[in-house]
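Enquirer: this is the structure alone, sequence omitted:
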Ligand SMILES: Nc1ncnc2c1ncn2[C@@H]1O[C@H](COP(=O)(O)OP(=O)(O)OP(=O)(O)O)[C@@H](O)[C@H]1O
Ligand SMILES: O=P(O)(O)OC[C@H]1O[C@](O)(CO)[C@@H](O)[C@@H]1O
Ligand SMILES: [Mg+2]
């Protein structure tokens, strides 16, 4: 059953870095060694593939990286890889090193690139969901999401301390370009007054109404969570709109930004990335190409990349309902 043709695999991390990428790379390298394969680290994602920034990895390269945030392979967003010419150069570099299969760790964009590359050149490729955004189907959670949510919640707890002390209303913007997963988790986990996500438009009047009800009920510490890609704008924009309706409120805005992408991965992300790293190598050896390895109900599932990247993973209606009930 094993595909004996694969002897050298390449691994890269691409798109926004995510906590757990290092442990995923480590798991890929360790399991490749277990199956007597050679592994090449491709630095700076597809950019490094095009620029031939490729180095054979040994076990020393992956020592003490499981617990580290970021990605030691570095990451990038490569415009050149979006072009057929760029991908041709990338393919030539793979051939030059004799790399016969690829593990791509990244978000929906990175996996779209891997799918195209497979279609165009037939290089066996398998994707791992590595993004804090959690916006990939075919896995319950993406690598880095849990750590990012924990980081966001810890930061919001601190903001609530000062918000309460000064009777202020805070608008906290969390990451998630087109996805409200971090926002809804942070909203529930930090007892937010409201959570605004890209998937659901909340009219400004509804938000004002909710804040007024809370004021009447003498609820303290109003923190509103806004996903950066929200339909009504970012935290700054929304705070300005609210100020017009509630001029007496002392309003502040905090944008959590890139701090949500850093830090040591949680135990959940370490486990997820380790399991998926092994699944990537075993998947390749069993001829599973153009798929993403994910974890659904704690079982490894291989989903065609084409399906994993489609925009059908929305914030759970139930989570949205719970967030609403708990904030009124
Ligand atoms: N349609 C595409 N065709 C070819 N390559 C692509 C395509 N979309 C994305 N890529 C490649 O993947 C890289 C990363 O994609 P993107 O910037 O969307 O991040 P991502 O992988 O979705 O991660 P995240 O959203 O977590 O930052 C791009 O810079 C590009 O090199
Ligand atoms: O670091 P950059 O390139 O500004 O990208 C920011 C984007 O990346 C993400 O953090 C995902 O990695 C999104 O949530 C965010 O919109
Ligand atoms: Mg993405």
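Expert: Here it is on my side, so go on. Computed from a predicted model, the values in this text were never measured in an experiment. Ligands and ions are numbered 1, 2, ... in the order given.
Enquirer: use CA for all of it now, contacts and neighbours both
Expert: Noted.
Enquirer: ok, and what's touching the longest helix along the chain?
Expert: Ranked by residue count under DSSP state H, the longest helix found in the chain is helix 145-166. The contact list for helix 145-166, computed with Cα atoms under 8 Å, 6 or more residues apart in numbering, reads 18-19, 131-134, 169-170, 172, 174, 182, 185-186, 189-190, 220-223, 256, 259-266, 268-269.
Enquirer: how about the strands of this protein, start to end?
Expert: 8-13, 38-42, 54-56, 101-106, 125-129, 169-174, 194-196, 222-227, 251-255, 291-296, 299-304 (DSSP state E).
Enquirer: mind putting those in CSV, mean neighbour count and mean pLDDT included?
Expert: Below are the strands of the chain laid out as CSV (neighbours: other Cα atoms under 10 Å; pLDDT from 0 to 100):
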stretch, mean neighbour count, mean pLDDT
strand 8-13, 26, 98
strand 38-42, 23, 98
strand 54-56, 16, 98
strand 101-106, 28, 98
strand 125-129, 31, 98
strand 169-174, 27, 97
strand 194-196, 28, 94
strand 222-227, 28, 95
strand 251-255, 17, 97
strand 291-296, 26, 98
strand 299-304, 18, 98
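Enquirer: do you know which of these lies nearest ligand 3?
Expert: strand 101-106 (7.8 Å; Cα to the ion).
Enquirer: for the closest one, enumerate the helices and strands it packs against.
Expert: Packing partners of strand 101-106 (3 or more Cα pairs under 8 Å, 6 or more residues apart in numbering; DSSP states H and E): strand 8-13, helix 108-121, strand 125-129, helix 267-285.
Enquirer: where are the low-confidence patches of the chain?
Expert: Where the chain drops to pLDDT under 70, the residues are 1-4, 220-221, 311-312.
Enquirer: what residues does it have near ligand 3?
Expert: Where the chain comes near ligand 3, counting by Cα under 5 Å from the ion, the residues are 107, 108.
Enquirer: show me the domain layout of the chain.
Expert: Following automatic domain parsing, the chain resolves into domains at 8-144+265-310, 145-262.
Enquirer: okay, buried residues for the longest helix of the chain please.
Expert: 145-153, 155-156, 159-160, 163-164 (16 or more other Cα atoms under 10 Å).
Enquirer: over to stretch 186-193?
Expert: Going by 16+ other Cα under 10 Å, stretch 186-193 has these buried residues: 186, 187, 188, 189, 190, 191, 192, 193.
Enquirer: could you measure from the residue most central in space within the chain over to residue 27?
Expert: The chain has residue 131 as the residue nearest its centroid, 1.8 Å off, counting by Cα atoms, centre = their mean. Distance, residue 131 to residue 27, by Cα to Cα, to the nearest Å: 17 Å.
Enquirer: before we move on, the earlier item: nearest to ligand 3, of the buried residues of helix 145-166?
Expert: residue 145 (12.3 Å).
Enquirer: ok so, going back, save the strands of the chain as JSON lines, and put in distance to residue 70 too.
Expert: Shown next, in JSON lines, are those (distance: least, Cα to Cα, whole Å):
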{"stretch": "strand 8-13", "distance to residue 70": "10"}
{"stretch": "strand 38-42", "distance to residue 70": "15"}
{"stretch": "strand 54-56", "distance to residue 70": "19"}
{"stretch": "strand 101-106", "distance to residue 70": "12"}
{"stretch": "strand 125-129", "distance to residue 70": "15"}
{"stretch": "strand 169-174", "distance to residue 70": "18"}
{"stretch": "strand 194-196", "distance to residue 70": "28"}
{"stretch": "strand 222-227", "distance to residue 70": "22"}
{"stretch": "strand 251-255", "distance to residue 70": "20"}
{"stretch": "strand 291-296", "distance to residue 70": "20"}
{"stretch": "strand 299-304", "distance to residue 70": "24"}
